[in-house]
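> the amino acid sequence is not available; the structure is as follows:
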């Protein structure tokens, strides 16, 4: 009985590692495409038992959001999506509480993403 439980736990752990690597691979591909469009801002929020949120925005030379992505969820099955509401807007005029009125985690991640790092 104990051997069966250990085997099941080991298989679950290996599956978690494989699926986590698959999710990271998909995110990196989406991030690489985003990075080709301009300067990048990335923000992250969430906790251990709350859905984590990662938001990345690409800003072109004119200060307009050219593309974005959001990754939100508790599991390895979370997928990246675009944030349609901010694309095409001026970088300095975006208000996270208007874009995500009922989601504090997304507001925090977007506000961090809008603080671009300078080289």
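It's in. Keep in mind that this is a model prediction, so the values were computed, not measured.
> and stretch 37-48, end to end?
32 Å (C-alpha to C-alpha, to the nearest Å).
> how close does residue 85 sit to residue 50?
22 Å (C-beta to C-beta, to the nearest Å). C-beta: built from backbone N, CA, C; applies to glycine.
> ranges for the helices of this structure?
With DSSP state H as the criterion, the chain has helices at 2-35, 96-99, 104-113.
> just say which of those is most tucked in.
helix 104-113 (a mean of 21; mean count of other C-beta atoms under 10 Å).
> which one of the helices of the chain lies closest to residue 67?
Closest of those to residue 67 is helix 2-35, at 5.5 Å (criterion: C-beta to C-beta).
> any idea how far the closest one is from the chain center?
Distance of helix 2-35 from the chain centroid (C-alpha atoms, centre = their mean, to the nearest Å) equals 17 Å.
> same check on stretch 86-101?
16 Å.
> again, but for stretch 78-86
Counting by C-alpha atoms, centre = their mean, stretch 78-86 comes out at 9 Å from the chain centroid.
> so residue 83 is in contact with residue 72, correct?
No. Residue 83 is beyond contact range of residue 72, at 10.5 Å (criterion: C-beta atoms under 8 Å).
> so what's residue 83 up against?
55, 57, 68, 69, 70, 99, 110 (C-beta atoms under 8 Å, 6 or more residues apart in numbering).
> I'd like the helices of the chain as JSON lines, with distance to residue 61 and mean pLDDT appended.
Shown next, in JSON lines, are the helices of the chain (distance: least, C-beta to C-beta, whole Å; pLDDT from 0 to 100):
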{"stretch": "helix 2-35", "distance to residue 61": "15", "mean pLDDT": "92"}
{"stretch": "helix 96-99", "distance to residue 61": "23", "mean pLDDT": "91"}
{"stretch": "helix 104-113", "distance to residue 61": "18", "mean pLDDT": "92"}
